[in-house]
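Chemist: got a sequence here, can you build the structure:
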Amino acid sequence: MSETGPKRTDMNRRSFALGVAGVSATAAFGPGASGSTAHAADRRPTPDRRGSFFDERTLWDSVEGPLVNYHVHALAVLPDDTILAVTEGRHEVCDAGPRDLLLRRSTDGGETWEASRPLVTSVGGESWGNPALVVDRETREIFLFFMLSLRLPQNTSCSGDSGDLYVISSRDSGRTWGKVRNLAGLFDGFPYNWALHGPGPGHGLQLKSGRLLLNCSHRRVIVGNTVAERYYGVAPIYSDDHGVTWKATGAVPVQVEYPMNEARMVQRSDGTVLVNGRAAAGGEGQRIVSASSDDGLTWSQPAFDGGTGSFNAVDAGLLRYTGGPGSRDTDRLLFSRPDSPVRYNMTVSVSYDEGTSYRYRRVINERRSFYSDLARLSDGTIVLLYGCDGDLASAPRRVNVCRFSLDWLTRGRDTLRRGPRYRETVVALAGADRRVTGGAVDTRADPLARRGERLVLTPERVGGSAEFTFRVPRTGEYELLLRHYRSADGALATVTLTGTKLPAFSIDTTAQSADGYDLARIGTARLRAGRHTLRCAVTGTGRGGGTSLGLDSLSLIEAPGSADVREEVVVDNDRLGFAVVTGSWPTATADPGYWAGNYRTAPAGSGERLVRWRPAVPRDGTYEIQTSYAPGANRAGNAPYTVVHAAGTDTVRIDQRVAGATEPRGGSWVTVGSYRLRAGLTTSVELSNDADGTVVADAIRLLGPRT
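Modeler: Prediction:
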């Protein structure tokens with residue numbers, strides 16, 4: 001059992017009968033029987049004295065249910081606390097195969113669930129998908145949006161080429177649903193020749209103004225277009241007349257470098273709307289974000305954002321839990337996703353700074369995890385709907401619903417009664433007093449910056465710096481979080497804080513794939529009230545060869561305990577910091593145990609083939625260096641890893657026939673050794689094919705440091 005999540009069993013704490021056998025295959029747009037209520041074998045657990053609880057039930061199971069697969073979901077809690085859960089019931093494990101839309105409904109906060117029933121049924125192989133719910137809390141009408149996916153005859157993939165938008169609605173808490181409305185033509189005015197229009201999935205918003213807003217993702221047909229030529233993009237729809245009419249907003253500016261796809265939106269406390277989406281092409285990476293200051297009509301230039309970390313490109317859940325525009329309550333956002341470079345390790349996190357960072361997290365399921373969505377009951381209970389488990393990497397076995405308290409999620413560090421005891425002082429560096437040496441600073445407007453502006457330091461040479469003077473409001477213990485900007489010409493920078501014992505912190509601000517924001521946790525220190533100085537110096541070229549330093553803000557955080565942060569640096573075989581130095585190292589995926597999307601191999605030789613990992617070491621100290629590889633009988637028994645460290649160079653031979661330690665997030669990890677490393681880019685790990693079998697180059701990571 002993971003100490004970060006509940007114990008898992010083969011039964012997966014399945015408390016409810018599925019109630020899906022014998023469902024009618026006819027559409028249920030009008031009044032119809034809801035089916036018998038499925039009763040729980042074990043009720044919601046009694047909360048402990050703090051009010052902490054967790055409960056999980058299965059709603060659909062592809063082994064026990066009548067359909068082959070259940071995947072892609074929508075979730076909503078209505079004003080009367082009725083919970084609606086919708087999923088695609090797939091007749092094939094295929095995104096464009098025959099699909100129904102199925103509903104399960106609970107009127108008692110998730111204690112019991114009505115039997116599964118079809119809302120939209122496939123006739124003649126129709127592919128109905130991408131369910132998304134929007135609730136009008138003024139009229140209490142619920143809208144379910146979905147798409148009809150079509151494939152061109154020459155399309156041999158399992159993804160649709162085109163898809164029109166449809167909607168049905170209910171005025172009686174989901175008991176009955178009205179006629180289907182076709183919303184074709186909403187996106188005809190866009191210049192990208194988009195053919196597929198996917199709502200959500202998940203849920204949309206009702207903004208403080210009353211506007212209903214739903215994300216929609218778009219792309220061109222697959223046939224005849226490469227991934228780059230499909231012009232993935234986002235342009236939501238909105239209604240200002242309670243759903244009588246719907247219109248398209250402007251698009252998030254479409255750029256090949258930012259292929260935004262399935263996404264979620266949230267309205268921040270300042271009234272702006274943030275869209276947070278996955279990259280369409282798959283693999284591991286950060287999320288793509290954009291902001292709107294006019295209730296979603298127009299959108300800022302997109303950027304990558306490291307606030308939610310780096311994980312598999314997958315549909316994720318985002319929810320305003322408390323606070324927001326006009327509220328005096330604590331601002332809290334919740335975020336759910338498989339926290340892994342592959343679809344494992346379903347995790348929910350909480351943010352207190354409107355999604356800039358996520359402080360606490362808890363693992364829900366260490367096993368396979370897929371799409372998810374979040375909602376909240378009126379008593380504060382968090383509801384998570386997600387796909388999980390099974391033997392397929394592309395689709396879940398079952399769809400589960402979890403209910404848990406904020407106290408359980410944060411392990412008692414935050415409750416609705418007591419609050420998080422969290423305070424943040426934001427120093428916007430664009431507005432701080434500063435002194436620049438050996439270079440120039442430009443201020444650039446950016447709606448994604450904490451205060452609408454960020455800085456770019458362009459040094460005349462390595463050594464140029466900017467010093468920022470800021471005021472600490474009161475003497476105390478502070479966590480220091482620097483938000484910086486990554487770009488293709490990013491620099492290697494060193495950050496120091498005067499008057500503290502904090503060691504210098506080093507960051508490489510080179511972009512991983514395209515520009516965007518990231519976070520550097522530079523340490524915890526006791527600061528006296530008054531003036532302090534932050535110094536940011538360009539101390540070398542970044543791994544892309546640049547010397548530009550982008551800076552946004554410094555956060556001074558006061559909170560009990562520490563944030564849930566991994567002290568690790570990972571460099572994978574196809575990410576920034578990895579290079580094939582000599583010879584051919586083709587990628588492979590045949591054998592399990594590797595980190596992220598693939599690994600590289602080279603046959604036994606005499607060292608004529610060489611790869612190198614070059615991690616950015618955050619601070620001086622002793623680090624454990626580990627390597628991951630896919631083990632196998634034909635592997636090298638003496639793969640040579642050469643480590644360049646502060647005291648010199650060591651070569652360590654690793655037997656890649658033997659599996660390393662596996663983890664829920666992936667990889668098969670073996671320790672190379674512990675070494676004293678200097679901050680910056682002076683450390684490297686090399687691997688050659690001077691070995692007695694096939695050599696695997698996958699990932700390395702640094703754990704620590706011990707200072």
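Chemist: what helix or strand is residue 524 on?
Modeler: Mapping residue 524 onto the secondary structure by DSSP states H and E places it in strand 516-527.
Chemist: report the buried residues of that strand.
Modeler: 516-523, 525, 527 (16 or more other C-beta atoms under 10 Å). Every C-beta, even on glycine, is put in place using the N, C-alpha and C of the backbone.
Chemist: do the same with stretch 118-134
Modeler: Quick answer for stretch 118-134 (16+ other C-beta under 10 Å): 118-122, 127-134.
Chemist: export stretch 629-636 as PDB, just CAs?
Modeler: This file holds the C-alpha atoms of stretch 629-636, laid out as PDB (Å, rounded to 0.1, in the frame of the first residue of the first chain):
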ATOM      1  CA  TYR A 629      16.300   0.900 -18.300                       C
ATOM      2  CA  ALA A 630      14.200  -1.800 -19.800                       C
ATOM      3  CA  PRO A 631      15.800  -5.100 -18.600                       C
ATOM      4  CA  GLY A 632      16.100  -8.200 -20.700                       C
ATOM      5  CA  ALA A 633      18.000 -11.400 -21.200                       C
ATOM      6  CA  ASN A 634      20.000 -10.000 -24.200                       C
ATOM      7  CA  ARG A 635      21.100  -6.900 -22.300                       C
ATOM      8  CA  ALA A 636      24.600  -5.900 -21.300                       C
END
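Chemist: list the buried ones in it?
Modeler: 629-632, 635-636.
Chemist: for the residue nearest to residue 487 when sequence neighbours are not counted, what are its contacts?
Modeler: Using C-beta to C-beta, 6 or more residues apart in numbering and skipping the chain neighbours, the partner closest in space to residue 487 is residue 515 (4.8 Å). Applying C-beta atoms under 8 Å, 6 or more residues apart in numbering, we find residue 515 in contact with 257, 303-304, 485-488.
Chemist: show me the buried residues of stretch 629-636 that map onto helices.
Modeler: Taking DSSP state H, every one of the buried residues of stretch 629-636 sits outside helices.
Chemist: is it true that residue 452 touches residue 444?
Modeler: No: Residue 452 is beyond contact range of residue 444, at 10.0 Å (criterion: C-beta atoms under 8 Å).
Chemist: mind checking the longest strand of this structure?
Modeler: Among all segments of the chain classified by DSSP state E, the strand with the greatest residue count is strand 360-376.
Chemist: ok, then the element right after that strand?
Modeler: strand 382-388.
Chemist: buried members of the contacts of residue 515 into ChimeraX, please.
Modeler: The following ChimeraX line selects those of those that are buried, judged by 16+ other C-beta under 10 Å:
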select :257,303,304,485,486,487
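Chemist: please pull out the lowest mean pLDDT helix or strand from the chain.
Modeler: Here the helix or strand of the chain ranked lowest by mean pLDDT, DSSP states H and E is strand 37-38, holding a mean of 32.
Chemist: what comes up buried for the helix or strand following that one?
Modeler: Downstream of strand 37-38, the next assigned helix or strand under DSSP H and E is strand 54-61. Of the residues in strand 54-61, 54-61 count as buried by neighbour count, 16+ other C-beta under 10 Å.
Chemist: other SSEs contacting strand 54-61?
Modeler: strand 83-90, strand 99-106, strand 398-404 (3 or more C-beta pairs under 8 Å, 6 or more residues apart in numbering; DSSP states H and E).
Chemist: quick check: neighbours of the helix or strand following the second one in the sheet, parallel or antiparallel?
Modeler: Scanning the chain past strand 99-106 towards its C-terminal end, the next helix or strand to appear is strand 113-114 (assignment: DSSP H and E). Sheet pairing here is set by DSSP bridges, and for strand 113-114 it gives strand 37-38 (antiparallel).
Chemist: who are the packing partners of the helix or strand harbouring residue 434?
Modeler: Assessed by DSSP H and E, residue 434 sits inside strand 433-437. Helices and strands touching strand 433-437, by 3+ C-beta pairs under 8 Å, 6+ apart, are strand 465-472.
Chemist: mind checking which of the contacts of residue 515 land in strands?
Modeler: Among those, the members found in strands (DSSP E) are 303-304, 485-486.
Chemist: farthest pair within those?
Modeler: 304 and 485 (10.2 Å; C-beta to C-beta).
Chemist: in terms of helices and strands, where is the closest residue to residue 576 other than its chain neighbours?
Modeler: Once flanking residues are discounted, residue 576 sits nearest to residue 512: 5.0 Å by C-beta to C-beta, 6+ apart. Using DSSP H and E, residue 512 sits within no helix or strand.
Chemist: hang on, residue 512 packs against residue 304?
Modeler: Yes: using C-beta under 8 Å, residue 512 is in contact with residue 304, at 7.3 Å.
Chemist: which residues do those two both contact?
Modeler: Shared contacts of residue 512 and residue 304, defined by C-beta under 8 Å, 6+ apart, comprise 285-286, 486.
Chemist: among these, which has the minimum pLDDT value?
Modeler: Least confident of the shared contacts of residue 512 and residue 304 in the model: residue 285, at 94.
Chemist: OK, contacts around that residue?
Modeler: By C-beta under 8 Å, 6+ apart, the neighbours of residue 285 are 279, 304, 310, 313, 512-513.
Chemist: redo the residues you listed as CSV? Include distance to residue 698 and pLDDT.
Modeler: CSV is the format used below for the contacts of residue 285 (distance: C-beta to C-beta, whole Å; pLDDT from 0 to 100):
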residue, distance to residue 698, pLDDT
279, 22, 95
304, 24, 98
310, 16, 94
313, 19, 95
512, 18, 94
513, 20, 92
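Chemist: columns distance to residue 273 on top of the residues you listed, output as TSV?
Modeler: Shown next, in TSV, are these (distance: C-beta to C-beta, whole Å):
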residue	distance to residue 273
279	20
304	19
310	24
313	22
512	26
513	25
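Chemist: among those, which one lies nearest to residue 434?
Modeler: The closest of the contacts of residue 285 to residue 434 turns out to be residue 304 (C-beta to C-beta; 26.1 Å).
Chemist: can you name the residues bridging to the closest one?
Modeler: residue 288, residue 516.
Chemist: that one and residue 487 touch, don't they?
Modeler: No: contact criterion C-beta under 8 Å: residue 304 and residue 487 do not qualify, at 10.7 Å.
Chemist: mutual contacts of the two, please.
Modeler: Residues within reach of residue 304 and of residue 487 at once, by C-beta under 8 Å, 6+ apart, are 511, 515.
Chemist: all strands for the stretch 551-700 of the chain, in order.
Modeler: 568-572, 578-582, 587-588, 599-602, 610-613, 621-628, 639-645, 648-654, 661-662, 668-677, 684-688, 695-697, 699-706 (DSSP state E, counting those that start in this stretch).
Chemist: do the same with the stretch 251-400 of the chain
Modeler: Under DSSP E, counting those that start in this stretch, the stretch 251-400 of the chain gives strands at 260-267, 273-279, 284-285, 287-292, 303-305, 311-312, 317-322, 332-338, 344-351, 360-376, 382-388, 398-404.
Chemist: for residue 189, which of those strands is the nearest?
Modeler: With C-beta to C-beta as the criterion, residue 189 lies closest to strand 287-292 of those, at 18.4 Å.
Chemist: elements contacting the helix or strand hosting residue 491?
Modeler: Per DSSP H and E, residue 491 falls inside strand 491-497. Packing contacts for strand 491-497, counted by 3+ C-beta pairs under 8 Å, 6+ apart, involve strand 476-486, strand 505-508, strand 516-527, strand 530-541.
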